[in-house]
Structure formats: structure tokens, C-alpha cells
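Trainee: how would this look folded up:
(one chain, ligands or ions: 1)
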Amino acid sequence: MPEKHQISCVAVFGGTGFLGMEIVARLASEGIDVRVGVRQPEKVRPPPDAGEHAKIEPVYADVRDESSLALALDGCDAAVNAVGLYVEQSAETFEAVHERGAANLARQCAALKIGRVVHISGIGADLNSASPYVRSRARGETLVRDVMPETVILSPSVLFGPQDKFINTLAQIISRAPVVPMFGDGLMRLQPAYVGDVALATHKALTDPQAAGQTYELGGASVLTYRRILELVMERLHKNRVLLPLPFAVWDALAAASALLPASPITRDQVALMKGDNVVADNALSFADLGIEPRALEDILPDYSF
Ligand SMILES: NC(=O)c1ccc[n+]([C@@H]2O[C@H](COP(=O)([O-])OP(=O)(O)OC[C@H]3O[C@@H](n4cnc5c(N)ncnc54)[C@H](OP(=O)(O)O)[C@@H]3O)[C@@H](O)[C@H]2O)c1
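Mentor: Purely as a prediction, here's the structure:
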């Protein structure tokens with residue numbers, strides 16, 4: 001078996017995000033120095049369980065600004081792109097962040113001869129998708145691989161963990177409303193991935209030489225319909241609610257209307273993602289190929305403090 005890569009300093013971009021913070025904590029707990037490249041370095045907090053010797057250095061970086069990336073990468077031997085945008089706003093477009101931004105980072109890594117790079121994408125990235133978000137994720141993957149074919153791409157299904165937006169938002173709705181509207185019949189299949197497992201996969205992908213140039217689709221231990229996920233949250237909350245199937249035409253109209261609000265509660269891209277399954281493909285590499293036994297949503301639900 002080839003020897004593991006030794007890594008001493010990783011630059012993590014998007015380190016203030018839900019997944020990015022978990023990646024920073026995981027790498028720091030492995031004794032790796034972490035440079036956290038973010039737009040607001042003052043927002044970076046050392047993870048509570050990182051250990052007293054952890055070296056976590058916040059630096060300014062915007063993926064749209066190549067010179068900031070060069071400075072953030074200086075002296076590092078690996079990089080992680082966990083940057084993501086869910087709602088476009090003026091110059092912050094999917095194209096600017098997921099495509100040009102990702103390509104900027106890959107170019108800088110190539111120029112600085114940083115060979116170990118993990119790019120976080122998402123299951124279902126598709127150049128032909130009706131969703132601009134999903135198309136931009138697919139183009140981002142292509143652009144990154146054009147510049148650095150050895151980049152490891154990690155594509156998770158929807159992420160969960162006690163601090164997530166996904167399950168916590170469902171819990172809020174279930175707590176407050178007697179009737180819970182569902183996307184269509186609620187029978188689309190998801191394979192939620194535990195955020196801590198994806199952070200572990202990131203560490204393995206950086207250090208396992210066999211991961212270079214591979215794409216891993218990361219899904220948790222259980223495949224669940226959306227309806228079943230709602231039922232699990234209801235059980236956890238001890239609430240019995242009516243699940244109301246709502247046709248996608250209604251969701252499309254709601255998303256279009258909410259795009260006019262300052263903070264959209266639901267976006268067209270979120271609706272588009274719910275129109276199909278979001279599970280690991282039969283022939284895809286996954287957690288097991290990185291030596292990880294992923295957890296299931298059912299295992300972690302008791303840890304939420306709703
Ligand atoms: N959450 C999920 O269920 C899920 C599922 C599949 C795939 N993913 C992918 O996982 C990645 C992380 O997702 P997440 O849920 O952790 O997202 P998140 O919580 O919204 O965090 C996004 C991060 O990106 C940073 N960012 C945004 N624009 C930036 C820019 N121009 N330059 C530098 N940093 C920028 C944000 O920093 P600021 O603090 O400066 O805004 C933040 O740290 C994304 O690629 C996402 O598509 C997530």
C-alpha cells in the first residue's frame with residue numbers, strides 16, 4: 001500500500017461555513033496547521049475540541065480575488081475549497097464563485113505547486129440541469145480538473161449535523177405548524193451525509209495518494225425518502241403532524257415569489273434539487289473507498305438540541 005502523504009499546513013477556503021468549520025476542526029485535531037481563508041477573518045473561532053496546540057490562522061481571502069488566494073496559500077502544502085453560495089447577490093454570482101472562483105484557486109495551487117487539493121462539490125452536479133446552481137457546480141468541477149487533474153472532488157448529498165440548516169429548519173416548521181407541506185409526494189430519495197464524516201473524508205482525501213484525481217460521492221448510511229426524514233424529525237420531537245403533498249408547480253411559484261424578498265426562505269435551486277433523488281450512484285467511489293463507515297441520520301438525531 002502506498003505511503004500516506006505527510007501534510008503540515010492546509011489552507012481551507014470557506015472555513016466559516018457549516019462544512020468548512022468541521023473540516024478546520026478535523027484537520028487541527030490531526031495536528032495539521034490550518035490557514036483559514038475567509039472574507040471576514042475576525043469571524044473565525046478556534047474549534048472547541050481542536051486541542052491546545054492547534055495552530056489555526058485566519059487570513060483574508062476571496063475566491064474572486066486571485067491575489068488574496070496566493071497570499072493565503074503561501075507556505076501551505078495542501079488546500080481545500082469548501083466555498084459555496086446558495087443565493088446570488090449582485091457581483092456574487094454562482095458563475096463568479098463556483099466557476100471562476102474555483103478555477104482561480106486551482107490556478108494558484110498549480111502555480112505554487114500545491115499538489116494536494118480537495119474541491120467540495122455536490123451529488124447531482126450536472127451541466128444540463130435546469131438549475132443554474134447545479135450547472136455552476138458541474139462547470140466548477142470541469143474547470144478545476146482542467147487546471148489540476150489530480151484534484152480530489154468530494155460530492156456530498158445533503159449534509160446534516162446538530163448545527164445544520166436542513167434538519168433544524170424542518171424541526172422549526174414541525175414545531176410550529178399543524179400541517180407540514182411536502183415537496184411533491186415526498187418520495188424522492190436522499191442519502192444525508194453527516195458533516196463530521198465529510199470532514200474526515202476530506203482529511204483522508206488529502207493524505208491518501210490513491211485518492212488523487214478521483215471523485216467520491218458521499219452519502220450517509222441510510223437512504224431515506226423526504227417523507228421519512230420528516231417522520232423521523234416528528235418522532236424525535238414527539239409531534240404528530242399532517243404531511244401535505246404540494247405539487248412542484250406550487251413550490252416553483254413560491255420560490256419565484258420569495259426571490260423578491262430580501263432573505264429568500266426558499267430558492268428555485270432548492271426546489272429543483274428536490275425534484276429528483278440525491279443518492280450515491282451505483283458505480284461511484286464513496287466513503288467506504290476512503291476507509292470510512294458513514295453514520296446515518298438516525299444515529300445523530302438524538303444529539304440535536306431542538
Ligand atoms: N450544506 C449542504 O447540505 C451541502 C450539500 C452538498 C454540498 N455542499 C457543498 O459544501 C460546500 C460548503 O457548504 P456549506 O453548507 O458549508 O456552505 P455555507 O455554510 O454557506 O458556507 C459557505 C462558505 O463559503 C464562503 N464564501 C462564500 N463566498 C465566498 C467568496 N467569494 N470567497 C471566499 N469564501 C466565500 C463563506 O464565507 P463568508 O463567511 O465570507 O460568507 C462560507 O465560509 C459548498 O460547496 C456546498 O455546495 C453542501
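Trainee: what about the helices in the stretch 151-300 of the chain?
Mentor: With DSSP state H, counting those that start in this stretch as the criterion, the stretch 151-300 of the chain has helices at 166-176, 195-207, 226-237, 248-258, 268-273, 297-300.
Trainee: would you mind finding the most buried of those?
Mentor: Burial of the helices of the stretch 151-300 of the chain is given as mean neighbour count (mean count of other Cβ atoms under 10 Å); helix 195-207 ranks first at a mean of 23. The C-beta positions use only the backbone N, C-alpha and C, and glycine is treated the same way.
Trainee: tell me the mean pLDDT over it?
Mentor: Regarding helix 195-207, the rounded mean pLDDT is 98.
Trainee: is it positioned near the ligand?
Mentor: No. Helix 195-207 lies out of reach of the ligand by Cβ under 6 Å from any ligand atom, never closer than 7.7 Å.
Trainee: for that helix, name the packing helices and strands.
Mentor: helix 18-29, strand 78-81, strand 116-120, strand 152-156, strand 159-160, strand 215-218 (3 or more Cβ pairs under 8 Å, 6 or more residues apart in numbering; DSSP states H and E).
Trainee: let's go with 10 Å and repeat that
Mentor: strand 9-13, helix 18-29, strand 78-81, strand 116-120, strand 152-156, strand 159-160, strand 215-218, helix 297-300 (3 or more Cβ pairs under 10 Å, 6 or more residues apart in numbering; DSSP states H and E).
Trainee: hey, C-alpha coordinates of it in CSV?
Mentor: What follows is helix 195-207, C-alpha atoms only, in CSV (Å, rounded to 0.1, in the frame of the first residue of the first chain):
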residue,chain,number,x,y,z
VAL,A,195,-20.9,16.7,8.3
GLY,A,196,-18.2,15.1,10.6
ASP,A,197,-17.9,12.2,8.2
VAL,A,198,-17.3,14.5,5.2
ALA,A,199,-14.7,16.4,7.2
LEU,A,200,-13.0,13.1,7.9
ALA,A,201,-13.2,12.2,4.2
THR,A,202,-11.5,15.5,3.4
HIS,A,203,-8.6,14.6,5.6
LYS,A,204,-8.3,11.1,4.1
ALA,A,205,-8.6,12.5,0.6
LEU,A,206,-5.7,14.9,1.3
THR,A,207,-3.4,12.2,2.7
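Trainee: and the angle for that helix with helix 18-29?
Mentor: Angle of helix 195-207 versus helix 18-29, following axes from the mean of the first three to the mean of the last three Cα atoms, to 10 degrees, is 60 degrees.
Trainee: now the angle from helix 195-207 to strand 152-156?
Mentor: Using the same axes, to 10 degrees: helix 195-207 against strand 152-156 is 170 degrees.
Trainee: export the helices of the stretch 151-300 of the chain as a markdown table, with columns for distance to residue 147.
Mentor: Output for those, formatted as a markdown table (distance: least, Cβ to Cβ, whole Å):
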| stretch | distance to residue 147 |
| --- | --- |
| helix 166-176 | 32 |
| helix 195-207 | 18 |
| helix 226-237 | 37 |
| helix 248-258 | 34 |
| helix 268-273 | 26 |
| helix 297-300 | 36 |
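Trainee: now tabulate the helices and strands packed on helix 195-207 in JSON lines and tack on mean pLDDT and distance to residue 98.
Mentor: Shown next, in JSON lines, are the helices and strands packed on helix 195-207 (pLDDT from 0 to 100; distance: least, Cβ to Cβ, whole Å):
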{"stretch": "strand 9-13", "mean pLDDT": "98", "distance to residue 98": "12"}
{"stretch": "helix 18-29", "mean pLDDT": "96", "distance to residue 98": "15"}
{"stretch": "strand 78-81", "mean pLDDT": "98", "distance to residue 98": "10"}
{"stretch": "strand 116-120", "mean pLDDT": "98", "distance to residue 98": "10"}
{"stretch": "strand 152-156", "mean pLDDT": "98", "distance to residue 98": "13"}
{"stretch": "strand 159-160", "mean pLDDT": "98", "distance to residue 98": "17"}
{"stretch": "strand 215-218", "mean pLDDT": "98", "distance to residue 98": "16"}
{"stretch": "helix 297-300", "mean pLDDT": "98", "distance to residue 98": "26"}
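Trainee: format the ones you listed as CSV; extra columns: distance to the ligand.
Mentor: Listed next are the helices and strands packed on helix 195-207 as CSV, based on distance: least, Cβ to the nearest ligand atom, whole Å:
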stretch, distance to the ligand
strand 9-13, 6
helix 18-29, 4
strand 78-81, 7
strand 116-120, 4
strand 152-156, 4
strand 159-160, 4
strand 215-218, 9
helix 297-300, 12
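Trainee: neighbours around residue 45, how many?
Mentor: 12 (other Cβ atoms under 10 Å).
Trainee: okay then, goodbye and thanks.
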